[in-house]
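# Sequence and predicted model, in that order:
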Amino acid sequence: MNDIAGKCNNNDESAYREEVRHLTVWCANNNLALNTKKTKELIVDFRKTKGCTHTPIHINGTEVERVTSFRFLGVHISEDLSWILNTSTLVKKAHQRLFFLRRLKKIHMSPLILENFYRCTIESILTSCITVWYGIGLGPKSTAEGASKWDTCAVVGNSGILTNSNCGKMINSALLSGEKGVQCNLPPLDEGYGKNVGIKTDLVTENPTILIHKYGSLMARRRPFVERLHSYGNSMLLLHPFSFGFSTPLCMRAAYSIEDLESPILPVFCNPEYLQNLTLFWRSQGLRAPRPSTGLFMVSLALEHCANIHLYGFWPFSNHPHGLYALSHHYYDDVKPSSFHTMPVEFDILLRLHSQGVLRLHLEDFRPGEKYFPDPGSPPLFDDMD
């Protein structure tokens, strides 16, 4: 199997075509025959203006077929360099094996056998070539100096403490400076909320239950869901298709809806093994809930990728820490959390990290003239509380 990668500058394809000619000559000189019927050409073109047409490649007088995607060493590569096709193919193949796992469980096979069957026949599929496709676009971009982390990240929760906080400018300032921002669980950024929570983000999360309660599991009209994503621009949408059995078809429908309705947002899938290990880690730190909340999950990602972390909207209590006046649970509604998460315990963990200088937990309203991001040596903003 041979592959040729050629770069075209200013619509000049001569270097690329010369590489193809060299390969043809080399094969002929070494008594090798190229099978033109199995040869494919894939064009990756991210130019905003695609006015010119690409002349087909010919090998030994035969035109090479041009495709929008192809399978290379088990990985599906598409012309837009997204991993939707590859991931959906893996999920579909793994989903077929779940039938046999259910049958084994139904006849009361031991947990050890069930685990071995899962790892051998299902997990091996889901993690196939995972070092190639998992995390593409999530990790920090390396620089010429070899930096491995982003400098500053703003993680924005949905607590009612953000109501009338005027923190939007503070949050947007980091993103306008080229840093990273995270919003949790498809929060509204328009409708007047932007002045309190910002209007820009690089990564937004989605809880599968939101698709059930707000969008009818995407079984009918899907346009309202995709239109909801417009306020997030071309950010990434983090989905959890492997957390529970019901979430797999939900998240796949979400990814297909984004693709079919041509939304600029990029869906990415969370590795289930990472989520499992993360749960075990926070359990060792005193969290007894079945699973961390989305907020704590995103803070964990930020701890891995960001040198300086600022948290907004992480306050799980019903009264403001300064004025003690009543707060809604979210800045956009007052729907109470389920008992699945233990928010006060998570807040205690975040407060400890704040006290240790690992991150900065913002619980104050923004005041004009205030410095957006205090120097690392300055007193924690939380310490101003009574």
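Arrived safely, thanks for sending.
# Just give me how far stretch 116-123 sits from the chain centre.
Relative to its chain's centre, stretch 116-123 lies at 25 Å (CA atoms, centre = their mean, to the nearest Å).
# Buried ones in it, by neighbour count?
117, 118, 122, 123 (16 or more other CB atoms under 10 Å). Every C-beta, even on glycine, is put in place using the N, C-alpha and C of the backbone.
# Kindly report the same for stretch 155-173.
155-163, 165, 167-173.
# now stretch 221-235
222, 225, 226, 228, 229, 231, 232, 235.
# again with stretch 285-297
For stretch 285-297, a neighbour-count test (16+ other CB under 10 Å) marks 287, 289, 291, 292, 293, 294, 295, 296, 297 as buried.
# Then stretch 90-110?
90, 91, 94, 97.
# Pick out whichever of the residues you listed sits closest to residue 329.
Closest to residue 329 out of the buried residues of stretch 90-110 is residue 91 (33.4 Å), distances taken as CB to CB.
# Under the pLDDT cut-off, which ranges of this protein? List them.
Where the chain drops to pLDDT under 70, the residues are 1-11, 46-52, 130-149, 174-180, 338-339, 366-386.
# distance of the residue most central in space within the chain from residue 344?
The chain has residue 238 as the residue nearest its centroid, 3.4 Å off, counting by CA atoms, centre = their mean. Between residue 238 and residue 344 the computed distance is 25 Å (CB to CB, to the nearest Å).
# Could you do residue 263 as well?
Counting by CB to CB - residue 263 and residue 344 are separated by 36 Å.
# Could you list which of the buried residues of stretch 155-173 belong to strands?
155, 156 (DSSP state E).
# on that earlier part again, out of the buried residues of stretch 116-123, name the ones that lie in helices.
If you go by DSSP state H, the buried residues of stretch 116-123 have 117, 118 in helices.
# Using JSON lines, lay out the buried residues of stretch 116-123 together with distance to residue 12.
Output for those, formatted as JSON lines (distance: CB to CB, whole Å):
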{"residue": "117", "distance to residue 12": "54"}
{"residue": "118", "distance to residue 12": "51"}
{"residue": "122", "distance to residue 12": "47"}
{"residue": "123", "distance to residue 12": "46"}
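# how far does the longest helix seen in the chain sit from the chain's center?
Counting by DSSP H, the longest helix found in the chain is helix 84-106. Relative to its chain's centre, helix 84-106 lies at 22 Å (CA atoms, centre = their mean).
# In PDB, list the C-alpha atoms belonging to it.
This file holds the C-alpha atoms of helix 84-106, laid out as PDB (Å, rounded to 0.1, in the frame of the first residue of the first chain):
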ATOM      1  CA  ILE A  84     -17.600  11.700  12.200                       C
ATOM      2  CA  LEU A  85     -17.500   8.900   9.600                       C
ATOM      3  CA  ASN A  86     -14.700   7.000  11.400                       C
ATOM      4  CA  THR A  87     -16.400   7.300  14.800                       C
ATOM      5  CA  SER A  88     -19.900   6.300  13.500                       C
ATOM      6  CA  THR A  89     -18.400   3.300  11.700                       C
ATOM      7  CA  LEU A  90     -16.700   2.100  14.900                       C
ATOM      8  CA  VAL A  91     -19.800   2.700  17.000                       C
ATOM      9  CA  LYS A  92     -22.000   0.800  14.600                       C
ATOM     10  CA  LYS A  93     -19.600  -2.100  14.500                       C
ATOM     11  CA  ALA A  94     -19.300  -2.200  18.300                       C
ATOM     12  CA  HIS A  95     -23.100  -1.800  18.800                       C
ATOM     13  CA  GLN A  96     -23.600  -5.100  16.900                       C
ATOM     14  CA  ARG A  97     -21.500  -6.900  19.400                       C
ATOM     15  CA  LEU A  98     -23.500  -5.600  22.400                       C
ATOM     16  CA  PHE A  99     -26.200  -8.100  21.600                       C
ATOM     17  CA  PHE A 100     -23.900 -11.000  22.500                       C
ATOM     18  CA  LEU A 101     -22.900  -9.200  25.700                       C
ATOM     19  CA  ARG A 102     -26.500  -8.900  26.700                       C
ATOM     20  CA  ARG A 103     -27.100 -12.500  26.000                       C
ATOM     21  CA  LEU A 104     -24.100 -13.500  28.300                       C
ATOM     22  CA  LYS A 105     -25.500 -11.200  31.000                       C
ATOM     23  CA  LYS A 106     -28.900 -12.700  30.700                       C
END
